[in-house]
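Participant: Pasting the sequence and the predicted coordinates here, then a few questions.
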Amino acid sequence: MRPDILNPLFAEVTALKGVGPQLAKPLERLGLARVVDVAFHLPSGWIDRLPREELDAADVGQIIAITLTPVNYRMGGSARAPSRVEAVDARGNYVTLVFFGGNSGWAKKQLPLNESRWVSGKLDQYGQELQIVHPEVVALTDAQPGGREAIYPLSEGMTSKRLAALAAQAVERAPELPEWIEPSLKDRNGWPDWREALARIHADPADMKARDRLAYDEVFANQLALMLVRGAARAKKGRPLAGDGRLRDALRLPYTPTGAQARTIREIEGDMAQSRPMLRLLQGDVGAGKTLVAAMALLIAVEAGAQGAMLAPTEILARQHFETLQRLFSGLGVNLAILTGRDKGKVREATLMGLADGSIDILIGTHAIFQQGVEYRDLGLVVVDEQHRFGVAERMMLQAKAKVAPHLLVMTATPIPRTLQLATHGEMDVSKLDEMPPGRQPIETSVISEERLEEIVNGLARHLSGGGQAYWVCPLVEESEKVDMAAAEARAEALRSRFGDRIGLVHGRMKGPEKDAVMARFASGELGVLVATTVIEVGVDVPNATLIVIEHADRFGLAQLHQLRGRVGRGGGRSVCVLLRGGTLSETARARLALMRETNDGFRIAEEDLRLRGAGEMLGTRQSGEQTFRLAPPEKFAELIGAANADARLLVDRDGGLSGERGQAARVALYLFERDAAVGLLRAG
């Protein structure tokens, strides 16, 4: 339960003076529904208004604040012509104040002749004349527009000045809180107290000590929460699952596992033999062989007399895993089943009965495998594939199907830099598949201007006539599935005019069964080209598809480009990825495309993606059930997380966790930064 001391901050935003239904709308568009949201909506920049006694050409290009007296009007003869007000400073130096948009009446009202006003704006020079375009004007009796002014991220109907006033109210409501940072760390960095830092950053957005303090607090709360989750998971009574090896020894693999696969399987076997539940993240680049590792873990569970469940984010991926494991386990006497949202009636009933009576050893499926009514006789291992598609809540719902806490293996084909591992998976042990199976050829990647589109289409024709298949990924137009879908439909139509009904189309707005049907036609070879938005980023395995064209590749992030490229190169032959680029490239886009051409190493790409985009942006890609970071600036993230991780560990290991004096303060921080779900997981305190 949230401490009462925080209640003023967690009140509705309408508790702030002057916020009624009308002002609440632009605040809502910014995601500011509560007082705390306004307090944590930090300035993104600032304007320095230089106070001046007199006009000086040396200040051209600067924003100045000065007392001026209007002496003459030169109003435009039409609505489009600018209105000009001639004014003088205390020494009689002239400046022209220029207003566009036919607002001469407004200009006269704001600047009556021979009455002094405080005026602020950017001083420019037009010919021999000094001028300020659209200056800010206030009466001398009002607050003077000098000094540093905060600039906030805005929405329509909101100004920085208004947000600054609301932020001042929000800070006023913020209580003094006990200190949760380890004292020597705080002193070493010269950080202010929490409330002082909040007040200082809104008053002076350039105050880096205050900004760093607030960013650190949020990262610290996140790290502490992950440690408490880990501690709670480790404290749960699980049970050892020690397989006898009979099924794994009988497995006839067509290849020898890589050293990385063998090492990871040993790590998992060691974990599962413990009485505390395994909590392991398996990272493996596209094609590194995660499925074999998962298969071995599932066989260990079955050898030990338990059931295993494997969760996939899409039906097509679930069916691919089912078919792969069926082939792999052929002749072993292991009973596999699949359960997706599409399974109904008698088929579903038979699966549910087999799970409940234990005759089904391994279940593979989508969200359907943890829905109400699905009961396992003895669930011992949960495997989650493409874990970034699922939130913590969904993983916990599946784990809750077990009588005692099951072992958990989560897998991702998106390599995660160490910085982000700490931030998002700090509660897990990590295994890495950093070798490729023998025979895998690197994908040849080329970057080509979109002006050569016709050449690409001709190349596609040759590829199809040779029996090949291809993906054509459409550009990321904007953050709108509807607009991206329109781009995909237009490309599919253009290709159909050349290749007829050999072209299929999938996008995010299609219903699941409809999308799966098109993908199935592509997998069977009936379709030659699959035109798609990024819905094919994961979970499509068609070895005969050896060409992928990605339009406007400069609009995609590195990790996404790497995932998309991984749709090809899944057979033994040569595969090609064509990155079509736009006419003008930013430096970042140029660096991304150069790296894609240079390397197929997903771990290197992930680290470079972190460097180019910053941790904040990568973390900001909101995952289901995951928290985003509002206060931690990307450029400081890597530096802060190491210290925050060490400080949180010190609190848990040395300072008594949440039950000690500092722990009580840290408990407040968990609620303040909304990581409070972790509080209930700690038994002590």
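Facilitator: In hand now; what should we look at?

Participant: how about low-confidence regions in the stretch 151-300 of the chain?
Facilitator: 233 (pLDDT under 70).

Participant: 50 instead?
Facilitator: Of all residues in the stretch 151-300 of the chain, none has pLDDT under 50.

Participant: what about the helices in it?
Facilitator: For the stretch 151-300 of the chain, the helices defined by DSSP state H, counting those that start in this stretch occupy 160-173, 183-189, 194-203, 208-235, 246-250, 259-272, 290-303.

Participant: Go through those helices and pick out the most buried.
Facilitator: Comparing the helices of the stretch 151-300 of the chain by mean neighbour count (mean count of other Cβ atoms under 10 Å), helix 290-303 comes out on top with a mean of 24. In this view, the C-beta of every residue, glycine as well, is placed from N, C-alpha and C.

Participant: follow-up on the earlier one: so can I have JSON lines of the helices of the stretch 151-300 of the chain showing distance to residue 39?
Facilitator: Putting these into JSON lines (distance: least, Cβ to Cβ, whole Å) gives the following:
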{"stretch": "helix 160-173", "distance to residue 39": "4"}
{"stretch": "helix 183-189", "distance to residue 39": "21"}
{"stretch": "helix 194-203", "distance to residue 39": "6"}
{"stretch": "helix 208-235", "distance to residue 39": "10"}
{"stretch": "helix 246-250", "distance to residue 39": "56"}
{"stretch": "helix 259-272", "distance to residue 39": "42"}
{"stretch": "helix 290-303", "distance to residue 39": "43"}
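
Participant: and of these, who's closest to residue 503?
Facilitator: helix 290-303 (29.8 Å; Cβ to Cβ).

Participant: C-terminal to that closest one, which secondary structure element comes first?
Facilitator: Later in the chain than helix 290-303, the nearest helix or strand by DSSP states H and E is strand 307-311.

Participant: So for that following strand, mean pLDDT?
Facilitator: Averaging pLDDT along strand 307-311 gives 94.

Participant: Pairing partners for it, with directions?
Facilitator: strand 362-365 (parallel), strand 379-384 (parallel) (DSSP bridges).

Participant: Redo those strands as CSV? Include mean neighbour count, distance to residue 469 and mean pLDDT.
Facilitator: Listed next are the strands paired with strand 307-311 as CSV, based on neighbours: other Cβ atoms under 10 Å; distance: least, Cβ to Cβ, whole Å; pLDDT from 0 to 100:
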stretch, mean neighbour count, distance to residue 469, mean pLDDT
strand 362-365, 26, 25, 94
strand 379-384, 26, 29, 92
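
Participant: The ones you listed: which one's closest to residue 136?
Facilitator: Of the strands paired with strand 307-311, nearest to residue 136 by Cβ to Cβ is strand 379-384, at 54.8 Å.

Participant: Tell me how far the closest one lies from the chain's centre.
Facilitator: 26 Å (Cα atoms, centre = their mean, to the nearest Å).

Participant: neighbours of residue 274, just the number please.
Facilitator: Number of residues near residue 274 (other Cβ atoms under 10 Å) recorded here: 15.

Participant: what do you get for residue 508?
Facilitator: 14.

Participant: what residues are up against residue 51?
Facilitator: Applying Cβ atoms under 8 Å, 6 or more residues apart in numbering, we find residue 51 in contact with 64-66, 146-147.

Participant: Which residue ranges of the stretch 501-650 of the chain form strands?
Facilitator: Under the criterion DSSP state E, counting those that start in this stretch, the stretch 501-650 of the chain carries strands at the ranges 503-506, 529-532, 545-550, 576-581.

Participant: who's in contact with the first one?
Facilitator: By Cβ under 8 Å, 6+ apart, the surrounding residues in contact with strand 503-506 are 488-489, 492, 495-496, 515, 518-519, 521-522, 527-533, 535-536.

Participant: Swap in 6 Å and give it another go.
Facilitator: 492, 495-496, 515, 518, 522, 527, 529-532, 535 (Cβ atoms under 6 Å, 6 or more residues apart in numbering).

Participant: Then the second one?
Facilitator: Applying Cβ under 6 Å, 6+ apart, the set of residues contacting strand 529-532 from outside is 470-473, 488, 491-492, 503-506, 522.

Participant: Tell me where the model's unsure across the stretch 501-650 of the chain.
Facilitator: 615-627.

Participant: Show me the helices in it, by range?
Facilitator: Under DSSP H, counting those that start in this stretch, the stretch 501-650 of the chain gives helices at 512-523, 558-565, 587-598, 602-613, 615-620, 634-653.

Participant: which is the next helix or strand following the longest one?
Facilitator: As assigned by DSSP H and E, the chain's next helix or strand after helix 634-653 is helix 661-672.

Participant: counting contacts, what elements does that next one pack onto?
Facilitator: Helix 661-672 sits against helix 208-235, with contacts defined as 3 or more Cβ pairs under 6 Å, 6 or more residues apart in numbering; DSSP states H and E.

Participant: Please name every helix or strand in contact with the helix it packs on.
Facilitator: Packed next to helix 208-235, using 3+ Cβ pairs under 6 Å, 6+ apart, are helix 194-203, helix 634-653, helix 661-672.

Participant: okay, the angle between that helix and helix 194-203?
Facilitator: Angle, helix 208-235 to helix 194-203, by axes from the mean of the first three to the mean of the last three Cα atoms, to 10 degrees: 130 degrees.

Participant: shift numbering so it begins at 850
Facilitator: With 850 as the first residue, the last one maps to helix 1057-1084.

Participant: For residue 1313, which residues are in contact?
Facilitator: Contacts of residue 1313 (Cβ under 6 Å, 6+ apart): residue 1377.

Participant: mind listing what's buried in the longest strand anywhere in the chain?
Facilitator: For the chain, the longest strand by residue count, based on DSSP state E, is strand 912-923. For strand 912-923, burial by neighbour count (16 or more other Cβ atoms under 10 Å) applies to 912-919.

Participant: Okay, now the sheet partners of that strand, with direction.
Facilitator: strand 894-900 (parallel), strand 932-937 (antiparallel), strand 966-975 (antiparallel).

Participant: any idea how far it is from the chain center?
Facilitator: Counting by Cα atoms, centre = their mean, strand 912-923 comes out at 48 Å from the chain centroid.

Participant: Run through who's touching it.
Facilitator: 896, 898-901, 933-938, 960, 962, 965, 967-969, 971-972, 994-995.

Participant: Of the residues you listed, which count as buried by neighbour count?
Facilitator: By 16+ other Cβ under 10 Å, those give 898, 901, 933-938, 960, 965, 967-969, 971-972, 994-995 as buried.

Participant: Out of the strands paired with strand 1156-1160, which is closest to residue 1064?
Facilitator: Comparing the strands paired with strand 1156-1160 by Cβ to Cβ, strand 1228-1233 comes nearest, at 30.4 Å.

Participant: what sits up against the closest one?
Facilitator: 1090, 1143, 1150, 1155-1160, 1239, 1244, 1247-1248, 1250-1251, 1255-1259.

Participant: Nice, that's everything, thank you.
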